[in-house]
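Trainee: Predicted model follows, preceded by the sequence.
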Amino acid sequence: MHVTSEKFQDNAKAAIDDDQLQAGLFIFGKIFPLLREATASKLPEFEALRDSARDIKIEALNNLGTYLEAFEDRVEEAGGRVHWARTAEEANTIVEQLCEESGGKDIIKSKSMVTEELELNDHLIGKGYNVVETDLGEYIIQLRNEKPFHIVGPALHLNAGQVSDTFYEAHQKYGRTERVEDKVKLVEEARIVLRERFKNADVGITGANFLVAETGQIVLVTNEGNADLTATLPKRHIVVTGIEKVVPTLDDLSVFLRILARSATGQDTSNYVSLYSGPRRARDADGPESFDVVLVDNGRTDMLGTPVEEMLRCIRCGACLNSCPVFTTVGGQSYGSVYSGPMGAVWTPALASVSSAAKLPNASSFCGKCEEVCPVRIPLPSMMRHWREKEFEAHLTPSGQRWGLGVWAWLGRHPSLYRAATSIAGMGLRLIAKGRRGRRFVTALPFIGRGWTQSRDLAAPAEPTFLSQYKEGRRR
Amino acid sequence: MSNARNAIFAKIKAADAKRGKSSPADSRARLETPPAQLVPAMGKPAPEEARDIFITKALELGCTVADCESFADVPAKVSTYLQEQDCPGQVHIPDDADLSLLGWEDAGIAASSQLDAEALDGRTSVTRAIAGVAETGAVAVASSSKHPVSLGLLPDRHIFVLKVDEIKGGYEDVWRIGRAAKDNQGMSRALNLIGGPSRTGDIEATLVMGAHGPRTVHIILVS
């Protein structure tokens, strides 16, 4: 997985100054959270379902080997094949070989974050295949040669005008020379263009939201129905997904289906919930001739038994991104990783490296909102803290920051000096603070504090201090 | 690639040993006899209420619903719907005796069994279903000789013919039906829960119907 996270600060600055992007971020930061709350409030058992979902994922990860073996057995029983890939390279090679077996060159794809992680499209296009994304959002960003902006809404940072420009340019070759600006007409244009691709495709590649060990089924959840067309029309269906997607049984799956769409887009259900296993049977009237599941590790087993194991519970709903004050200010592309926001800040260092993704776990205000909304209750802030510790241990933290932390730690070990220093600092802050609505604020800090007060004020420390009150209380 | 498989399982085993929390026998028992999970009240409505809840939820998903006394009346109901939609009296039906033996001609409808992608483009399909799900308003279908999956994907209009007693409470009821129909290859290739017309919100989060699949979904409830 290629990451460009070291440019996070520059990207973030540019994003904050981009008015059009900020308008798009309103959808993530405001509309999705409101929809999520509205739909969750109508399901009294929502919180209890989140607990169940967490417990099921813990069970699935504690017995990952047993469930993956069962899944593999059931897929083979259904006439399908399971392939295992340790790395992105292995996964891409397996998919390429399966495509080669098909004898055709035209591939249609349904949205899959794992294939984004593997950079599968680039690999296949490099080998001479025509690969077309069919989820509308993914199709738009594919035409624009961008990475997904958000794991659920990959193109929601763009406005209709930008989509119009993109289609106008890309669809001329299909004889569509009229510029279309209306959203309904834009969707129609994509439908017409992509319908032809569906009909002529040799291979369909999908991801999987879940794998059911009990039945060997892969589960796909969409609103457009594009995953179902991808899984049904071409003569070959290839599923590419991560090993952590397995859940034990169909009853367990129900729990996730009840919280996924509610957490992601505030829908009671996605419009297409589909379970597939194996190729077309003798009795079937349609369906692919072959069914292959490529199960990808790519760093996941390295997370097992470590403090970031709980991240493997993630169901990619995007709720943590939508709740995050950082994501909803700087947007997905600032992160330089296909996984962004709080979940991306934990996934990216695990899948890429601590050194290349060190900026991401630091891009957090630690407000805790992500953990509050996570449907599987992943303790995201404490995991970001874990990566910060790893960063510090590896001496990757900027020298100024290390020096500051060193001074603070030294002071912490010398309580009398610490108290003296903080009381001097407190006096200084109260001295330069200005009154406003009955409270006192520092509006301009000197020295390295300048950056902090550029965009916000610092409340002056209260007097008397906690420690002096505590001492007073003890004396009484 | 068995090397990769071995390596992945070796790492999983190493983590199991480190944590000491795996219980293979219990997990296999869970797969044999899946324990019930928390099912919310809306997933198990009282049987006498399921029909009305299903209709309400299906309407919320953007479906239209019509009542029908018997299978024999289905072609007339389809004809009425097509006239309302200003569509030609043509439908595509699967090889399913429930539908193919009906008096389509008498209702002025040409019923075709053509199922290739080119033929279905822009047309109307009529299919049966295995269940209606009151919890969500979705209709469940399973692939078979009687149900080509593409009939629910390629046409512009999809009409479901569903018996009232096929309306069930929640997801668990669909799993029960699916498990009961298992053969030596397991579940049917496809088990789809279809919740209304195909849609997208991918441009400015504005909901637009008819993304890739049917633009309209009509449910004829046979009592």
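Mentor: Thanks, I have the structure now.

Trainee: and stretch A:94-109, which residues are buried?
Mentor: By neighbour count with 16 or more other C-beta atoms under 10 Å in any protein chain shown, stretch A:94-109 contains the buried residues A:Ile94, A:Val95, A:Glu96, A:Leu98, A:Cys99, A:Ser102, A:Gly104, A:Lys105, A:Asp106, A:Ile107, A:Ile108, A:Lys109. Any C-beta I mention is one placed from the backbone N, CA and C, and that applies to glycine too.

Trainee: Next, count neighbours for B:Cys87.
Mentor: Other residues within reach of B:Cys87, judged by other C-beta atoms under 10 Å in any protein chain shown, total 16.

Trainee: From the buried residues of stretch A:94-109, pick the one nearest A:Gly278.
Mentor: Using C-beta to C-beta, A:Leu98 comes nearest to A:Gly278 of those, at 15.3 Å.

Trainee: Verify the contact between that closest one and A:Val239 for me.
Mentor: No: taking C-beta atoms under 8 Å as the contact criterion, A:Leu98 and A:Val239 are not neighbours in contact, 10.5 Å apart.

Trainee: tell me the SS of the residue of chain B positioned farthest from its centre?
Mentor: Of all residues in chain B, B:Lys18 sits farthest from the chain's C-alpha centroid, using C-alpha atoms, centre = their mean; the distance is 43.5 Å. In three-state terms, and counting by DSSP: H, G, I helix; E, B strand; the rest coil, B:Lys18 is helix.

Trainee: Quick check: pLDDT value at the closest residue to it other than its chain neighbours.
Mentor: Counting by C-beta to C-beta, 6 or more residues apart in numbering or on different chains, B:Lys18 lies nearest to A:Gly305, which is 4.3 Å off, once chain neighbours are set aside. pLDDT for A:Gly305: 96.

Trainee: for A:Gly305, what are its contacts?
Mentor: A:Gly305 makes contacts with B:Ala14, B:Ala15, B:Lys18, B:Arg19, as judged by C-beta atoms under 8 Å, 6 or more residues apart in numbering or on different chains.

Trainee: Repeat that for A:Ala88.
Mentor: A:Met1, A:Glu117, A:Leu118, A:Glu119, A:Val296, A:Asn298.

Trainee: Check what pLDDT the fifth one gets.
Mentor: Think A:Val296. According to the predicted model, the pLDDT of A:Val296 comes to 98.

Trainee: Ramachandran angles for it?
Mentor: Comment: the main-chain dihedrals of A:Val296 come out as phi -110, psi 130, following degrees, to the nearest 10.

Trainee: B:Ala134 and B:Glu48 touch, don't they?
Mentor: No: counting by C-beta under 8 Å, no contact exists between B:Ala134 and B:Glu48, whose distance comes to 11.4 Å.

Trainee: Looking at the two, which has the bigger crowd around it?
Mentor: Counted by other C-beta under 10 Å, B:Ala134 and B:Glu48 do not tie: B:Ala134 has more neighbours, with 28 against 7.

Trainee: mind checking the SS state of A:Thr422?
Mentor: Here A:Thr422 takes the helix state, with states given by three-state DSSP.

Trainee: and it, how many neighbours does it have?
Mentor: Residues near A:Thr422, counting by other C-beta under 10 Å, number 14.

Trainee: Likewise for A:Ser5?
Mentor: Residues near A:Ser5, counting by other C-beta under 10 Å, number 23.

Trainee: Same check on A:Thr465?
Mentor: 14.

Trainee: A:Ser423 is in contact with that one, correct?
Mentor: Yes: with contacts defined as C-beta under 8 Å, A:Thr465 counts as touching A:Ser423 at a distance of 7.4 Å.

Trainee: Downstream of the helix-or-strand element of chain B with minimal mean pLDDT, the next helix or strand is which one?
Mentor: Every helix and strand of chain B was ranked by mean pLDDT, DSSP states H and E. The lowest is helix B:117-120, at a mean of 90. Scanning forward in sequence from helix B:117-120 by DSSP states H and E, the next helix or strand is strand B:124-128.

Trainee: Which neighbouring elements make contact with that following strand?
Mentor: Here strand B:124-128 touches helix B:74-84, strand B:90-92, helix B:97-100, strand B:157-163, going by 3 or more C-beta pairs under 8 Å, 6 or more residues apart in numbering or on different chains; DSSP states H and E.
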